[in-house]
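Undergrad: need the 3D shape of this:
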Amino acid sequence: MPRLRTVYRCQECGTASPKWVGRCPGCGEWSSLVEEVEEARPATLTAPPNGAGAVADRPVPIADVDAGEWDHRATGVAEVDRVLGGGLVPGSVTLLGGEPGIGKSTLLLQVLAAVAATGRRTLLVTGEESKQQVRLRAERLGALDPTLLLQSETVLPHVVAAIEDTRADLVVVDSIQTVFDPELGSAPGSVAQVRECAAQLVRLAKHRGTTIVLVGHVTKEGALAGPRVLEHVVDTVLSFEGDRHHALRLLRAVKHRFGSTSELGLFEMVDAGLQEVPDPSALFLGDRHAGAPGSAVVPTMEGHRPLLVEVQGLVAPSSLAMPRRSVQGVDGNRVALLLAVLERRCRLSMAGADVYVSAVGGVRVVEPGADLAIALALVSSLADYPLPHDVVACGEIGLAGEVRQVAHTERRLTEAARLGFTRAVVPTSAPDVPGLELMRVPSLDVALDAVGLVKALDSKERG
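TA: Below you'll find the predicted structure:
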């Protein structure tokens with residue numbers, strides 16, 4: 001009978017301790033150690049399982065390494081390929097995280113069907129749903145490809161055997177928290193099980209050149225559940241985001257060893273599954289009510305893609321001793337900074353009012369380039385005066401009230417001109433853009449005057 005022992009392992013870095021301590025001795029994180037029961041094994045060097053380390057890897061000159069085997073292979077889903085820099089890399093392991101019900105399984109089933117249509121072998125290992133449930137979803141998505149193989153399994157040795165038997169080019173495991181190794185004494189979903197199962201799948205992927213995608217659960221804070229070492233051992237970490245009350249879904253790369261992490265993929269949830277959004281700016285502004293006070297349009301950048309997003313501000317009288325400050329889809333710290341600048345530099349009092357700021361459409365706008373548009377929306381609501389419907393605003397606001405230029409201003413403004421906007425409030429250093437009249441402003445108070453908000457505030461005070 002194997003001898004068991006109790007250890008306390010850090011969920012962030014995987015460091016083991018014989019007793020519980022408040023702070024991890026490895027990474028310094030507080031309250032991250034979790035109790036585990038594992039088999040006491042002798043400290044001997046053994047080969048990794050599945051034959052991954054049977055033959056020693058000899059050192060070779062770096063110039064002699066053939067990188068052609070690690071070229072991206074397109075999945076057939078354009079928005080996924082955009083985020084991955086061209087597609088999935090053979091032998092790579094990707095971790096996809098997202099809230100329950102956001103559409104992770106739907107997205108991956110569509111990717112598997114698209115890859116299977118190109119003639120490559122695909123395998124879906126489902127540990128949370130039955131085969132019948134997956135088939136019903138595949139019928140709805142039109143993904144009943146006969147070459148797409150399906151396995152309902154949670155035991156790791158059986159999963160590994162299926163991957164080796166089918167010789168699949170792309171394998172999706174949904175989810176890694178349901179897979180367990182019987183040789184480990186801990187329960188499925190524990191830190192030890194998630195760590196060891198992921199490590200064995202990574203070794204298998206590198207050894208066989210199989211592309212593996214793992215689905216991961218997230219915590220209530222939105223972080224990936226399980227040990228942080230899980231994110232370290234994989235090559236790519238993708239985040240699938242969205243609001244359940246909106247159809248928009250966003251795919252981001254949090255970590256990507258084979259390309260940039262600045263790209264963004266956009267999908268719309270429809271009856272037939274996830275539909276790619278070729279023109280996201282038109283989608284975000286489709287239901288915009290022009291002429292409403294408190295609304296402004298900002299051209300933002302997500303990776304190399306310019307997006308036009310509507311930001312709304314509402315300033316309302318408050319009877320509370322501490323008025324509300326509520327934000328959705330924007331950075332609350334930036335909003336607090338803008339309110340302080342408006343108070344101090346523009347002599348506008350909002351201390352006794354409730355302030356609400358929102359980015360419309362379920363998208364998040366956290367870059368400083370949205371500062372000017374948010375400030376104009378707040379003052380527009382305060383003055384009860386709408387901004388001109390053909391104006392966009394783009395610029396960062398400093399503590400002195402100055403308006404500063406942001407990256408890729410020309411690309412942002414070109415996208416605004418394409419969608420029919422004719423004027424833009426920008427910093428003085430902004431470049432000229434054909435078809436767009438630029439209102440260059442050095443400071444926030446000048447920007448308020450340029451769009452008529454100063455006169456509107458004076459008229460409101462006199463009235």
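
Undergrad: so where's the stretch 351-463 of the chain uncertain?
TA: Within the stretch 351-463 of the chain, the stretches with pLDDT under 70 are 463.

Undergrad: where along it do the strands fall?
TA: Along the stretch 351-463 of the chain, counting by DSSP state E, counting those that start in this stretch, strands occupy 353-359, 391-393, 396-397, 403-404, 423-427, 437-441.

Undergrad: hey, C-alpha coordinates of the first one in CSV?
TA: As requested, the backbone C-alpha atoms of strand 353-359 are provided in CSV (Å, rounded to 0.1, in the frame of the first residue of the first chain):
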residue,chain,number,x,y,z
ALA,A,353,-23.7,64.6,-7.8
ASP,A,354,-24.0,61.0,-8.7
VAL,A,355,-21.7,60.1,-11.6
TYR,A,356,-22.3,57.1,-13.9
VAL,A,357,-20.0,56.3,-16.9
SER,A,358,-20.5,53.4,-19.3
ALA,A,359,-19.0,52.0,-22.5
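
Undergrad: contacting residues for residue 243?
TA: residue 362 (Cβ atoms under 8 Å, 6 or more residues apart in numbering). C-beta here means a position set from N, CA and C on the backbone, and glycine is covered the same way.

Undergrad: do the same with residue 142
TA: Residue 142 is in contact with 113, 272, counting by Cβ under 8 Å, 6+ apart.

Undergrad: what distance do you get for it to residue 272?
TA: 7 Å (Cβ to Cβ, to the nearest Å).

Undergrad: check residue 203 too.
TA: 38 Å.

Undergrad: have a look at the two and say which one is more surrounded.
TA: Between residue 203 and residue 272, counted using other Cβ atoms under 10 Å, residue 203 has the larger neighbour count: 19 against 10.

Undergrad: next SSE after the helix or strand encompassing the more buried one?
TA: Secondary structure from DSSP states H and E places residue 203 in helix 191-208. Reading on from helix 191-208 to the C-terminus, the next helix or strand found by DSSP H and E is strand 211-216.

Undergrad: count the neighbours of the nearest residue to residue 284 once chain neighbours are set aside for me.
TA: Using Cβ to Cβ, 6 or more residues apart in numbering and skipping residues adjacent in sequence, the residue nearest residue 284 is residue 361, 4.5 Å away. A count of nearby residues for residue 361, using other Cβ under 10 Å, gives 20.

Undergrad: mind listing what residue 336 touches?
TA: The contact partners of residue 336, by Cβ under 8 Å, 6+ apart, come to residue 325.

Undergrad: and the helix or strand containing it, what's its mean pLDDT?
TA: Element membership for residue 336, per DSSP H and E: helix 332-345. The pLDDT scores in helix 332-345 average 95.

Undergrad: mind listing the helices for the stretch 351-463 of the chain?
TA: With helices called from DSSP state H, counting those that start in this stretch, the stretch 351-463 of the chain shows them at 371-383, 409-418, 444-450, 453-462.
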